[in-house]
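> When you get a sec, could you give me coordinates for this:
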Amino acid sequence: MKKIDGGITNAKGFKATGFFSGVRKKKNDTAIIYSEKESVVAGVFTKNTVKAAPVYYDMEIVESSNNVNAIVVNSGNANACTGKKGLEDTKAMANITAEVLGLKPENVLVSSTGVIGVPLPIDNLINGIRENYNTLGDNKEDSLKAAEAIMTTDTFSKSYAVEFELNKRLVNIGGIAKGSGMIHPNMGTMLSYITTDIAITKELLQEALLESTEDSYNMISVDGDTSTNDTVLVLANGMAENNIIDSKNEEYKLFKEALHEVNLGLSKLIVKDGEGAGKFIEANIIGVKTKEDGRKLAKSIINSNLVKTAFFGEDANWGRIVCAMGYTGIEFDMDKMDIYFTSDGNRVDLMKSGVPLDFSEDEAKLVLSADEVKIFIELKEGEESATAWGCDLSYDYVKINADYRT
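Predicted structure coming up:
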């Protein structure tokens with residue numbers, strides 16, 4: 001497997017574009033992803049009990065036996081909490097996209113992201129799609145247009161792609177994502193779209209995505225808020241012409257590894273673009289009894305505002321980390337615990353076998369002044385481990401979100 005430059009147009013048969021429809025005031029706000037061949041689809045969606053209209057629409061399609069050809073996305077408006085009209089507008093977006101591409105509406109998935117509780121300017125979107133669908137292309141620049149059009153408070157676009165060989169067939173997997181705020185384990189205001197030319201059954205594609213999501217998107221946190229719109233969709237059109245993967249053989253394992261690489265890469269980019277964030281933080285729980293315990297402990301650390309603000313202030317206040325672990329309710333033996341931080345080849349040890357260490361504040365400051373810092377917690381109670389990713393919490397986060405709607 002090799003990481004390559006690109007995104008959703010790397011896989012054979014996929015095209016993309018991004019353009020202005022008038023949902024936002026100035027920036028491009030609409031993207032289309034299109035496969036010339038019908039694709040099997042897998043998806044995971046927000047666990048928020050309040051779901052946006054496009055989420056309900058997509059869930060129904062993913063759960064059906066339908067294959068799909070296209071995804072249409074708008075930014076600037078979440079089409080959430082918009083009642084019956086919201087679902088009508090979602091269907092209108094699918095209908096116009098299907099019309100111009102010569103598809104059936106059930107072959108089109110829909111996503112929205114942006115402000116909650118405001119009706120979509122659906123006429124603008126319909127006109128924008130009708131006037132710009134023919135800009136679809138299969139170059140890297142076309143993928144970038146789509147990645148930029150789905151951004152809201154993001155400061156940079158997010159793309160990731162890999163390629164690998166499967167029985168002498170070259171297989172591509174590429175993705176784009178958006179997200180920088182309202183990001184929390186179980187996904188947040190996060191949209192991720194992945195395309196691949198591999199031939200695989202819908203059932204195994206869905207299983208691979210679900211497993212990968214648990215250790216990628218569901219292990220990141222920016223601010224602790226779970227959104228109404230978060231969605232991850234994977235389209236596989238089979239144009240690599242490999243023998244279809246219909247069992248959990250070595251080919252399936254290789255595909256799952258490559259898919260996870262893309263999901264993990266996009267997840268980390270989302271965290272690095274956390275609203276107002278200055279530091280990327282990785283929390284590693286080592287030697288825990290169960291994988292699930294490790295996930296809960298790591299996520300609790302990353303999601304703690306007290307931990308986040310300590311890292312913003314470059315303060316090695318490890319007591320906040322232990323506190324965040326303690327309120328998970330998971331039992332662990334403090335007398336066995338080691339804690340240390342690393343960055344850029346530097347390390348500061350804070351606790352050894354439950355005993356606080358007399359560490360150098362200057363050495364700690366050196367480690368914590370880096371843009372990327374890793375936390376290591378060794379529990380010495382089992383064989384499992386888990387990792388979560390997050391960011392610090394800065395003054396800018398408050399500024400950005402104080403006037404998000406206006």
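
> In this structure, where's the longest helix?
Using DSSP state H, we find that the single longest helix of the chain is helix 250-272.

> Report the rounded mean pLDDT for that one.
Helix 250-272 shows a mean pLDDT of 94.

> Give me the helices and strands touching that helix, please.
Helix 250-272 is packed against strand 158-166, strand 169-178, strand 191-196, helix 202-214, strand 220-221, strand 280-288, strand 384-391, with contacts defined by 3 or more C-beta pairs under 8 Å, 6 or more residues apart in numbering; DSSP states H and E. (Glycine included, C-beta is placed from N, CA and C.)

> Buried residues in it, which are they?
251-252, 254-256, 258-272 (16 or more other C-beta atoms under 10 Å).

> ok, back up a step: least confident of the helices and strands packed on helix 250-272, on average?
Comparing mean pLDDT across the helices and strands packed on helix 250-272, the weakest is strand 220-221, with a mean of 80.

> Run through the neighbouring helices and strands of that one.
Going by 3+ C-beta pairs under 8 Å, 6+ apart, strand 220-221 lies up against helix 250-272, helix 291-303, strand 384-391.

> by how many degrees do the shortest one and helix 202-214 diverge?
Put simply, strand 384-391 runs at 70 degrees to helix 202-214, going by axes from the mean of the first three to the mean of the last three C-alpha atoms, to 10 degrees.

> which residues touch strand 384-391?
Residues from elsewhere that reach strand 384-391 (C-beta atoms under 8 Å, 6 or more residues apart in numbering): 185, 215, 219-222, 267-268, 271-272, 274, 277-291, 293-295, 297-299, 301-303, 308.

> Among those, name the buried ones.
Taking 16+ other C-beta under 10 Å as the criterion, what is buried in the contacts of strand 384-391 is 185, 215, 219-222, 267-268, 271-272, 274, 277, 279-288, 291, 293-295, 297-299, 301-303, 308.

> How far off centre is stretch 60-70?
Centre-to-centre, stretch 60-70 and its host chain are 21 Å apart (C-alpha atoms, centre = their mean, to the nearest Å).

> Same check on stretch 97-106?
27 Å.

> What are the buried residues along that stretch?
Buried, per 16+ other C-beta under 10 Å, within stretch 97-106: 97-101, 103, 105.

> For those, which two are the farthest from each other?
Greatest spatial distance in the buried residues of stretch 97-106: 100 and 105, 11.9 Å, computed using C-beta to C-beta.

> State whether residue 32 is indeed within a strand.
Yes - assessed by DSSP: H, G, I helix; E, B strand; the rest coil, residue 32 belongs to a strand.

> quick one: it and residue 324, what's the gap?
Here residue 32 is placed at a distance of 42 Å from residue 324 (C-beta to C-beta, to the nearest Å).

> who has more neighbours, those two?
residue 32 (26 against 21; other C-beta atoms under 10 Å).

> hang on, isn't the more buried one packed against residue 136?
Yes - counting by C-beta atoms under 8 Å, residue 136 is a contact partner of residue 32 at 6.3 Å.
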